[in-house]
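Participant: Dropping the sequence and predicted coords here.
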Amino acid sequence: MIGVFDSGVGGLSVLKEIKALAPSADLLYVADRARAPFGTRSLDKVRSMSHELAAWLIDRGAETLVVACNTASAAALDSLREWSPGIPIVGMEPAVKPAAVSSETGVIGVFATEATFQGRLFESVVSIHGRNAKVVTQACPEWVELVEQGKFSGSDVDTTVAAALAPVIDQGADALVLGCTHFSFLRPTIEKIAGPEVMVIDPAPAVAAQTIRVAGAIEGEGRLRLAASGDTSVFAQLARDVGIADWSGEVLPFSA
(Lines give C-alpha, C1' and ligand atoms only; values in the text may rest on other atoms or scores of the structure.)
Protein backbone atom coordinates (compact mmCIF):
# COMPACT_ATOMS: atom_id res chain seq x y z
CA MET A 1 0.00 0.00 0.00
CA ILE A 2 1.13 3.54 -0.73
CA GLY A 3 0.53 6.10 1.99
CA VAL A 4 0.27 9.79 1.09
CA PHE A 5 -0.02 12.78 3.41
CA ASP A 6 -0.45 16.54 3.27
CA SER A 7 -1.85 19.33 5.40
CA GLY A 8 -5.03 19.36 3.34
CA VAL A 9 -6.44 18.94 -0.13
CA GLY A 10 -3.27 19.89 -2.05
CA GLY A 11 -1.67 16.47 -2.00
CA LEU A 12 -4.69 15.06 -3.79
CA SER A 13 -3.07 16.46 -6.94
CA VAL A 14 -0.26 13.94 -6.45
CA LEU A 15 -2.66 11.17 -5.42
CA LYS A 16 -4.60 11.59 -8.67
CA GLU A 17 -1.41 11.24 -10.69
CA ILE A 18 -0.40 8.10 -8.79
CA LYS A 19 -3.85 6.61 -9.34
CA ALA A 20 -3.67 7.35 -13.06
CA LEU A 21 -0.27 5.64 -13.39
CA ALA A 22 -1.08 2.65 -11.17
CA PRO A 23 -4.84 1.98 -11.03
CA SER A 24 -4.30 -1.25 -9.10
CA ALA A 25 -2.34 0.41 -6.29
CA ASP A 26 -3.94 0.46 -2.86
CA LEU A 27 -3.77 4.05 -1.59
CA LEU A 28 -4.35 5.68 1.79
CA TYR A 29 -4.32 9.48 1.93
CA VAL A 30 -4.43 11.55 5.11
CA ALA A 31 -4.99 15.31 5.34
CA ASP A 32 -4.15 16.99 8.64
CA ARG A 33 -6.58 19.87 8.13
CA ALA A 34 -7.06 20.50 11.86
CA ARG A 35 -3.44 21.68 12.07
CA ALA A 36 -3.22 23.35 8.68
CA PRO A 37 -1.72 25.39 7.21
CA PHE A 38 1.75 23.91 7.61
CA GLY A 39 3.42 26.75 5.73
CA THR A 40 3.07 29.27 8.54
CA ARG A 41 4.46 26.95 11.24
CA SER A 42 8.06 26.49 12.34
CA LEU A 43 10.06 23.78 10.57
CA ASP A 44 10.51 21.97 13.89
CA LYS A 45 6.75 21.79 14.40
CA VAL A 46 6.13 20.64 10.84
CA ARG A 47 8.80 17.97 11.29
CA SER A 48 7.08 16.66 14.41
CA MET A 49 3.68 16.57 12.73
CA SER A 50 5.12 14.86 9.67
CA HIS A 51 6.50 12.05 11.80
CA GLU A 52 3.09 11.58 13.40
CA LEU A 53 1.41 11.38 10.01
CA ALA A 54 4.02 8.97 8.67
CA ALA A 55 3.69 6.71 11.72
CA TRP A 56 -0.10 6.67 11.35
CA LEU A 57 0.19 5.55 7.73
CA ILE A 58 2.81 2.90 8.48
CA ASP A 59 0.72 1.52 11.34
CA ARG A 60 -2.06 0.98 8.78
CA GLY A 61 0.11 -0.90 6.36
CA ALA A 62 1.84 1.70 4.18
CA GLU A 63 4.91 0.19 2.52
CA THR A 64 5.80 3.33 0.56
CA LEU A 65 5.29 6.90 1.77
CA VAL A 66 4.71 10.06 -0.23
CA VAL A 67 5.18 13.40 1.51
CA ALA A 68 2.79 15.27 -0.81
CA CYS A 69 3.54 18.62 0.79
CA ASN A 70 6.46 20.87 -0.08
CA THR A 71 6.59 22.37 3.41
CA ALA A 72 6.67 18.95 5.08
CA SER A 73 9.30 17.76 2.59
CA ALA A 74 11.46 20.78 3.38
CA ALA A 75 11.11 20.20 7.11
CA ALA A 76 11.12 16.44 7.49
CA LEU A 77 12.16 14.43 4.43
CA ASP A 78 15.69 13.70 5.63
CA SER A 79 14.64 12.89 9.18
CA LEU A 80 11.82 10.63 7.98
CA ARG A 81 14.25 8.63 5.85
CA GLU A 82 16.63 8.28 8.79
CA TRP A 83 13.75 7.28 11.09
CA SER A 84 12.38 4.59 8.75
CA PRO A 85 15.19 3.45 6.44
CA GLY A 86 13.33 0.32 5.34
CA ILE A 87 10.45 2.22 3.73
CA PRO A 88 10.84 4.16 0.47
CA ILE A 89 9.86 7.79 1.04
CA VAL A 90 9.21 10.19 -1.82
CA GLY A 91 8.96 13.92 -1.23
CA MET A 92 8.26 17.12 -3.11
CA GLU A 93 11.12 19.13 -4.55
CA PRO A 94 10.61 22.51 -6.25
CA ALA A 95 11.11 21.93 -9.98
CA VAL A 96 13.90 24.48 -10.33
CA LYS A 97 15.94 22.28 -12.69
CA PRO A 98 13.37 21.94 -15.50
CA ALA A 99 12.43 25.60 -15.09
CA ALA A 100 16.03 26.74 -15.41
CA VAL A 101 16.58 24.53 -18.45
CA SER A 102 13.39 25.74 -20.14
CA SER A 103 13.72 29.46 -19.43
CA GLU A 104 14.81 31.66 -22.31
CA THR A 105 15.10 34.80 -20.20
CA GLY A 106 17.15 33.13 -17.46
CA VAL A 107 14.58 34.24 -14.87
CA ILE A 108 12.36 31.71 -13.12
CA GLY A 109 9.67 32.23 -10.50
CA VAL A 110 8.99 29.86 -7.62
CA PHE A 111 5.68 30.04 -5.74
CA ALA A 112 5.54 28.29 -2.38
CA THR A 113 5.14 28.89 1.36
CA GLU A 114 7.55 30.75 3.61
CA ALA A 115 8.47 27.52 5.38
CA THR A 116 9.40 25.85 2.10
CA PHE A 117 11.74 28.70 1.24
CA GLN A 118 13.35 28.47 4.69
CA GLY A 119 14.20 24.78 4.37
CA ARG A 120 17.63 23.47 3.40
CA LEU A 121 16.07 21.45 0.59
CA PHE A 122 15.11 24.57 -1.36
CA GLU A 123 18.50 26.15 -0.76
CA SER A 124 20.20 23.01 -2.03
CA VAL A 125 18.02 22.72 -5.13
CA VAL A 126 18.65 26.35 -6.07
CA SER A 127 22.40 26.10 -5.49
CA ILE A 128 22.65 23.01 -7.70
CA HIS A 129 20.11 23.64 -10.44
CA GLY A 130 19.44 27.36 -10.33
CA ARG A 131 22.91 28.79 -10.04
CA ASN A 132 22.88 30.05 -13.64
CA ALA A 133 19.41 31.55 -13.38
CA LYS A 134 17.81 34.37 -11.48
CA VAL A 135 15.38 32.71 -9.07
CA VAL A 136 12.53 34.95 -7.91
CA THR A 137 10.58 33.60 -4.95
CA GLN A 138 7.02 34.48 -4.01
CA ALA A 139 5.26 33.21 -0.87
CA CYS A 140 1.54 32.66 -1.51
CA PRO A 141 -0.28 31.58 1.68
CA GLU A 142 -3.47 33.09 0.28
CA TRP A 143 -3.37 30.59 -2.62
CA VAL A 144 -3.44 27.73 -0.11
CA GLU A 145 -6.45 29.30 1.59
CA LEU A 146 -8.30 29.56 -1.73
CA VAL A 147 -7.84 25.88 -2.47
CA GLU A 148 -8.79 24.78 1.03
CA GLN A 149 -11.98 26.79 0.62
CA GLY A 150 -12.73 25.03 -2.65
CA LYS A 151 -12.18 28.19 -4.70
CA PHE A 152 -10.39 27.24 -7.91
CA SER A 153 -11.68 29.88 -10.32
CA GLY A 154 -13.68 33.10 -10.49
CA SER A 155 -13.01 36.82 -10.26
CA ASP A 156 -11.78 36.72 -6.65
CA VAL A 157 -9.36 33.93 -7.50
CA ASP A 158 -8.14 35.82 -10.57
CA THR A 159 -7.45 38.90 -8.48
CA THR A 160 -5.54 37.00 -5.78
CA VAL A 161 -3.48 35.00 -8.26
CA ALA A 162 -2.68 38.04 -10.39
CA ALA A 163 -1.41 39.99 -7.37
CA ALA A 164 1.24 37.34 -6.66
CA LEU A 165 2.15 36.73 -10.30
CA ALA A 166 2.71 40.37 -11.26
CA PRO A 167 5.95 41.11 -9.34
CA VAL A 168 7.51 37.87 -10.59
CA ILE A 169 6.57 38.23 -14.24
CA ASP A 170 7.55 41.92 -14.13
CA GLN A 171 11.11 40.75 -13.41
CA GLY A 172 11.15 38.75 -16.64
CA ALA A 173 10.27 35.28 -15.43
CA ASP A 174 9.13 33.02 -18.25
CA ALA A 175 9.06 29.75 -16.27
CA LEU A 176 7.01 29.43 -13.10
CA VAL A 177 7.39 26.62 -10.57
CA LEU A 178 4.45 25.50 -8.46
CA GLY A 179 6.21 24.82 -5.16
CA CYS A 180 3.10 23.78 -3.24
CA THR A 181 0.81 20.88 -4.12
CA HIS A 182 -2.25 23.06 -3.50
CA PHE A 183 -1.26 25.26 -6.42
CA SER A 184 -1.88 22.48 -8.95
CA PHE A 185 -5.60 23.18 -8.62
CA LEU A 186 -5.00 26.83 -9.54
CA ARG A 187 -2.91 26.01 -12.60
CA PRO A 188 -5.60 26.89 -15.19
CA THR A 189 -5.98 30.34 -13.62
CA ILE A 190 -2.23 30.82 -13.31
CA GLU A 191 -1.70 29.91 -16.96
CA LYS A 192 -4.54 32.15 -18.08
CA ILE A 193 -3.15 35.18 -16.26
CA ALA A 194 0.54 34.52 -16.97
CA GLY A 195 -0.10 34.15 -20.69
CA PRO A 196 0.96 31.61 -23.32
CA GLU A 197 4.61 32.66 -23.39
CA VAL A 198 5.11 31.69 -19.74
CA MET A 199 5.63 28.03 -18.84
CA VAL A 200 4.01 26.74 -15.62
CA ILE A 201 5.69 23.66 -14.15
CA ASP A 202 3.81 21.32 -11.82
CA PRO A 203 6.00 18.59 -10.24
CA ALA A 204 3.05 16.31 -9.34
CA PRO A 205 3.37 14.02 -12.40
CA ALA A 206 7.11 13.55 -11.86
CA VAL A 207 6.60 12.79 -8.16
CA ALA A 208 3.94 10.22 -9.02
CA ALA A 209 6.26 8.56 -11.53
CA GLN A 210 9.05 8.41 -8.94
CA THR A 211 6.62 6.90 -6.44
CA ILE A 212 5.75 4.08 -8.84
CA ARG A 213 9.45 3.45 -9.50
CA VAL A 214 10.42 3.14 -5.84
CA ALA A 215 7.31 1.18 -4.83
CA GLY A 216 8.33 -1.72 -7.08
CA ALA A 217 5.83 -4.39 -8.03
CA ILE A 218 2.28 -3.19 -7.35
CA GLU A 219 -0.22 -5.99 -6.72
CA GLY A 220 -3.07 -4.21 -4.97
CA GLU A 221 -6.79 -4.15 -5.59
CA GLY A 222 -7.03 -0.48 -6.46
CA ARG A 223 -8.52 0.39 -3.06
CA LEU A 224 -8.56 4.10 -2.27
CA ARG A 225 -9.16 5.43 1.22
CA LEU A 226 -9.11 9.02 2.47
CA ALA A 227 -8.67 10.26 6.04
CA ALA A 228 -8.62 13.71 7.60
CA SER A 229 -8.47 15.53 10.88
CA GLY A 230 -11.01 18.24 11.52
CA ASP A 231 -14.36 18.25 9.73
CA THR A 232 -14.32 15.13 7.57
CA SER A 233 -17.50 16.14 5.72
CA VAL A 234 -15.85 19.32 4.46
CA PHE A 235 -12.85 17.36 3.23
CA ALA A 236 -15.12 14.82 1.54
CA GLN A 237 -16.74 17.60 -0.46
CA LEU A 238 -13.35 19.04 -1.42
CA ALA A 239 -12.22 15.61 -2.61
CA ARG A 240 -15.30 15.39 -4.81
CA ASP A 241 -14.72 18.93 -6.07
CA VAL A 242 -11.18 18.10 -7.26
CA GLY A 243 -12.35 14.95 -9.03
CA ILE A 244 -11.24 12.07 -6.84
CA ALA A 245 -12.66 8.94 -8.44
CA ASP A 246 -12.98 5.26 -7.43
CA TRP A 247 -13.52 6.24 -3.83
CA SER A 248 -16.35 5.25 -1.49
CA GLY A 249 -17.05 8.82 -0.38
CA GLU A 250 -16.21 8.01 3.25
CA VAL A 251 -13.47 9.95 5.04
CA LEU A 252 -11.84 8.23 7.98
CA PRO A 253 -11.07 10.34 11.06
CA PHE A 254 -7.42 11.06 11.79
CA SER A 255 -6.09 12.13 15.16
CA ALA A 256 -2.40 12.58 16.01
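Facilitator: Right, received. Where do you want to start? Numbering: from 1, shown residues only.
Participant: Tell me who's in contact with A115.
Facilitator: F38, G39, T40, R41, S42, L43, V46, T71, A74, A75 (C-beta atoms under 8 Å, 6 or more residues apart in numbering). For every residue, glycine as well, the C-beta is placed using N, CA and C.
Participant: Of these, keep whichever come out buried.
Facilitator: F38, G39, R41, L43, V46, T71, A74, A75 (16 or more other C-beta atoms under 10 Å).
Participant: among those residues, which one has the lowest pLDDT?
Facilitator: Across the buried ones among the contacts of A115, the smallest pLDDT goes to G39, namely 87.
Participant: Neighbours of the closest residue to it other than its chain neighbours, how many?
Facilitator: Of all residues not flanking G39 in the chain, T113 sits nearest, at 2.7 Å (C-beta to C-beta, 6 or more residues apart in numbering). Residues lying near T113 (other C-beta atoms under 10 Å) number 27.
Participant: So T113 versus A164, what's the distance?
Facilitator: 12 Å (C-beta to C-beta, to the nearest Å).
Participant: what touches both of the two?
Facilitator: Contacts common to T113 and A164, judged by C-beta under 8 Å, 6+ apart, are C140.
Participant: next structured bit after the strand or helix carrying T189?
Facilitator: In this structure, T189 is located in helix 187-194 according to DSSP states H and E. Using DSSP H and E, the helix or strand that follows helix 187-194 towards the C-terminus is strand 199-201.
Participant: Are we agreed that I58 is in a strand?
Facilitator: No - according to DSSP: H, G, I helix; E, B strand; the rest coil, the state of I58 is helix, so it is not within a strand.
Participant: What are the boundaries of the strands in the stretch 151-256 of the chain?
Facilitator: In the stretch 151-256 of the chain, the segments counted as strands under DSSP state E, counting those that start in this stretch are 175-178, 199-201, 224-228, 251-253.
Participant: now the first one: mean pLDDT?
Facilitator: Model confidence over strand 175-178, given as mean pLDDT, is 98.
Participant: buried sites along stretch 24-39?
Facilitator: 25-33, 35-39.
Participant: Return the set of buried residues in stretch 101-115.
Facilitator: Neighbour count says stretch 101-115 has S103, V107, I108, G109, V110, F111, A112, T113, A115 buried, by 16+ other C-beta under 10 Å.
Participant: State the mean pLDDT of that stretch.
Facilitator: 95.
Participant: Just give me how far that stretch sits from the chain centre.
Facilitator: 16 Å (C-alpha atoms, centre = their mean, to the nearest Å).
Participant: Do me a favour and get the end-to-end distance for that stretch?
Facilitator: 25 Å (C-alpha to C-alpha, to the nearest Å).
Participant: try stretch 246-253
Facilitator: 19 Å.
Participant: Against R33, how distant is F152?
Facilitator: Applying C-beta to C-beta to F152 and R33 gives a distance of 17 Å.
Participant: so how many other residues sit close to P205?
Facilitator: 16.
Participant: if I read this right, it contacts S13, doesn't it?
Facilitator: No - the pair P205 / S13 is not scored as a contact, 9.5 Å apart, by C-beta atoms under 8 Å.
Participant: what ranges do the helices span in the protein?
Facilitator: 12-21, 43-59, 70-83, 96-102, 114-118, 120-129, 141-148, 155-169, 187-194, 204-215, 232-241 (DSSP state H).
Participant: ok, residues contacting the last one?
Facilitator: The one in question is helix 232-241. So helix 232-241 is contacted by 8-9, 12, 31, 33, 148, 150, 152, 226, 228, 247, 249-253 (C-beta under 8 Å, 6+ apart).
Participant: How about the contacts made by the residue nearest to H182 when sequence neighbours are not counted?
Facilitator: Of all residues not flanking H182 in the chain, G10 sits nearest, at 3.3 Å (C-beta to C-beta, 6+ apart). By C-beta under 8 Å, 6+ apart, the contact set of G10 is A68, C69, V144, V147, C180, T181, H182, F183, S184, F185.
Participant: By neighbour count, which of the residues you listed wins?
Facilitator: Of those, with other C-beta under 10 Å as the count, C69 tops at 35 neighbours.
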